[in-house]
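Student: no FASTA, just this:
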């Protein structure tokens, strides 16, 4: 830990030089805006102690094997630290440069690649996806004539998520090429007509990865390395080739029901591909987030497009841009994404107005990285701790919520048990049965994970009860069907 404290407190010659250049260009007042509010050493020490306590408590309650945390405000790195073990068998600790599988955080890299290719005139986001898939998929590319590239990126394509296709989970450890991955879902029925709804789909990002390869003439991972990782000094980021030797790579773990620490089931990264196949360190993801949100990666126009919520055909807004979920924490505008992989979890978030970026990576399956991130955000933004209520409902009120709710690619079943609602969720990443605590205003929090939020909306005359499931920045909407 001490060496990272030294790293934070002693800026390199490059940082000092950059500071002088910015001072000359912006002036002192402009530089202060860019750097963000100043923090005294005592204030920083107090904040770091709070973050340490948040992480250590989460690790004990989890339990969680290892965690890496990176936090910045403006250009100031407020916290950069590792906790626990990256490799338990060899007693290797986590540090900020430890490389983790980042799961679906990978999607923002795929989306950024698309925006760069659009800027180069190689891709039109409003064009049919089939235009760029004909060479690799042949006649089957016509199945995507009615789906735009944009709809692949904001999960409104209606293309079924391959991770919920029956039988796919039996193939996790098998290496496939992109065409083989597409084969797992290409003949599945659509969940809805393109543009009608939002439904999270890894399949859209598998197709997006194929488009990157088709228009660039390079393998997906090779393009990212040449155009995103190397030019931006992201030395601890890569497409996770399982055969590649990567120094300081964390091993993934899971806890069995007995409490025994075990390795997770093996997953070939060719199965995750452009939807979740990247590795990175917390240090690199913090740098990536700061560059991305400043328009360095995609240009200002590209970042605006990427971070703007999409629109459905009926004109309604969704809470997702391109590879980025858009939400609010007590009125603070927040963009970010969760990442999950067997043996790993992660969460990155950026609070726009405050220019605060937070990265949390763990090497433990099921670890609640999003909850850690939210608690750290509350500490940095000086927000009070979240209060979870447990308001009692009458039997009639409880019965009114009971039923099945169609969310597109998944159905949530709500039942009543011992005076409380229980929700059975099959959404990948949060599968399970949850006791739901009523917070008032038709809103429920999951008892064991308040980041899982169910909201009901009073229906119009003759309309079924509307239902919204929010989880770590991803919002799914549906209606009561039985």
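Tutor: Done, it's in. Quick caveat, the model's predicted, so the values are computed rather than measured. Numbers count the residues shown, from 1 in each chain.
Student: thinking residue 113 is in contact with residue 223, fair?
Tutor: Yes - under the criterion of CB atoms under 8 Å, residue 113 makes contact with residue 223 at 6.5 Å. Any C-beta I mention is one placed from the backbone N, CA and C, and that applies to glycine too.
Student: More neighbours: which of those two?
Tutor: Legend: neighbour count by other CB atoms under 10 Å for residue 113 and residue 223, higher for residue 113 (25 against 21).
Student: Tell me how far the more buried one lies from residue 359.
Tutor: 20 Å (CB to CB, to the nearest Å).
Student: So which residues lie in contact with the helix or strand hosting residue 292, not counting its own?
Tutor: Using DSSP states H and E, residue 292 maps to helix 282-293. The contact list for helix 282-293 (CB atoms under 8 Å, 6 or more residues apart in numbering) reads 68-72, 75, 77, 80, 82, 96-98, 100, 102, 105, 108, 112, 232-237, 280, 297-298, 303, 306-307, 335, 348, 350, 352, 355, 357, 359-361.
Student: One more: stretch 137-149?
Tutor: Counting by CB under 8 Å, 6+ apart, 114, 123-130, 132-134, 157-159, 179, 182, 186, 193-194, 207-208, 210-211 sit against stretch 137-149.
Student: average pLDDT across that stretch?
Tutor: Averaging pLDDT along stretch 137-149 yields 95.
Student: do the same with stretch 313-331
Tutor: Per-residue scores along stretch 313-331 average to 93.
Student: which of the residues in it are buried?
Tutor: 318-327, 329 (16 or more other CB atoms under 10 Å).
Student: Who are the packing partners of the helix or strand harbouring residue 53?
Tutor: Assigned by DSSP H and E, residue 53 belongs to helix 41-61. Identification of packing neighbours for helix 41-61 by 3 or more CB pairs under 8 Å, 6 or more residues apart in numbering; DSSP states H and E yields strand 66-73, strand 76-87, helix 369-381.
Student: Identify the residues contacting the very next helix or strand once past the last one?
Tutor: Looking back up the chat, that one is helix 369-381. Downstream of helix 369-381, the first helix or strand assigned by DSSP H and E is helix 395-401. Outside of helix 395-401, the residues within contact range by CB under 8 Å, 6+ apart are 414, 416, 419-421, 456, 465.
Student: hmm, back to that, what pLDDT, on average, does the helix holding residue 53 get?
Tutor: Mean pLDDT, helix 41-61: 93.
Student: so how far is that helix off the chain centroid?
Tutor: Put simply, helix 41-61 sits 23 Å off its chain's centre (CA atoms, centre = their mean, to the nearest Å).
Student: if we can go back for a sec, from the contacts of helix 395-401, which would you call buried?
Tutor: 414, 420-421, 456, 465.
Student: what two of the residues you listed have the greatest distance between them?
Tutor: 420 and 465 (18.1 Å; CB to CB).
Student: what's near enough to touch residue 339?
Tutor: So residue 339 contacts 101-106, 276, 345-348, 361, 369 (CB under 8 Å, 6+ apart).
Student: Would you reformat those as CSV and include secondary structure and pLDDT?
Tutor: Converted to CSV, the contacts of residue 339 look like this (DSSP: H, G, I helix; E, B strand; the rest coil; pLDDT from 0 to 100):
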residue, secondary structure, pLDDT
101, strand, 97
102, coil, 97
103, helix, 95
104, helix, 94
105, helix, 97
106, helix, 97
276, helix, 96
345, strand, 94
346, strand, 95
347, strand, 95
348, strand, 96
361, strand, 98
369, helix, 92
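Student: Does residue 426 touch residue 405 like I think?
Tutor: No - using CB under 8 Å, residue 426 makes no contact with residue 405, being 11.6 Å away.
Student: Need the residues touching each of the two.
Tutor: 411-412.
Student: neighbour-wise, which of those two wins?
Tutor: residue 405 (26 against 14).
Student: does that one sit in a helix, a strand or a coil?
Tutor: What DSSP: H, G, I helix; E, B strand; the rest coil gives for residue 405 is strand.
Student: In contact with the closest residue to it other than its chain neighbours, which residues?
Tutor: Leaving aside its sequence neighbours, residue 405 sits nearest to residue 467 (CB to CB, 6 or more residues apart in numbering; 4.1 Å). Contacts for residue 467 (CB under 8 Å, 6+ apart) come out as 405, 407, 412, 454-457, 477-480.
Student: Quick check: which element contains residue 467?
Tutor: Per DSSP H and E: strand 466-471 holds residue 467.
Student: Show me what counts as buried in that strand.
Tutor: Using 16+ other CB under 10 Å as the test for burial, strand 466-471 gives 466-471.
Student: again with stretch 290-305
Tutor: Using 16+ other CB under 10 Å as the test for burial, stretch 290-305 gives 290-293, 297-298, 302-303, 305.
Student: Could you single out the nearest of the residues you listed to residue 201?
Tutor: Checking the buried residues of stretch 290-305 against residue 201 by CB to CB gives residue 305 as the nearest, at 19.8 Å.
Student: my read is that closest one is in a helix, agree?
Tutor: Yes - the assignment for residue 305 by three-state DSSP puts it in a helix.
Student: and it, what is it in contact with?
Tutor: By CB under 8 Å, 6+ apart, the neighbours of residue 305 are 115, 125, 298, 321-322.
Student: Now render those as a markdown table, adding distance to residue 340.
Tutor: A markdown table is the format used below for those (distance: CB to CB, whole Å):
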| residue | distance to residue 340 |
| --- | --- |
| 115 | 24 |
| 125 | 27 |
| 298 | 25 |
| 321 | 20 |
| 322 | 19 |
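Student: re earlier: joint contacts of residue 113 and residue 223?
Tutor: Common neighbours of residue 113 and residue 223, counting by CB under 8 Å, 6+ apart, are residue 212.
Student: related to what we said a few turns ago, take the contacts of residue 467 and, keeping just the buried ones, write it as a ChimeraX select command.
Tutor: Here is the ChimeraX command that selects the buried residues among the contacts of residue 467 (16+ other CB under 10 Å):
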select :405,407,412,454,455,456,477,478,480
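Student: Present the contacts of residue 467 as CSV; the columns should include distance to residue 201 and secondary structure.
Tutor: CSV is the format used below for the contacts of residue 467 (distance: CB to CB, whole Å; DSSP: H, G, I helix; E, B strand; the rest coil):
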residue, distance to residue 201, secondary structure
405, 19, strand
407, 12, coil
412, 17, strand
454, 21, strand
455, 22, strand
456, 25, strand
457, 24, strand
477, 15, strand
478, 15, strand
479, 19, strand
480, 23, strand
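Student: Using a markdown table, lay out the contacts of residue 467 together with pLDDT and distance to residue 170.
Tutor: Shown next, in a markdown table, are the contacts of residue 467 (pLDDT from 0 to 100; distance: CB to CB, whole Å):
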| residue | pLDDT | distance to residue 170 |
| --- | --- | --- |
| 405 | 89 | 28 |
| 407 | 78 | 25 |
| 412 | 88 | 25 |
| 454 | 88 | 31 |
| 455 | 88 | 35 |
| 456 | 89 | 36 |
| 457 | 85 | 38 |
| 477 | 78 | 31 |
| 478 | 79 | 28 |
| 479 | 83 | 32 |
| 480 | 86 | 33 |
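Student: Sweet, I'm off.
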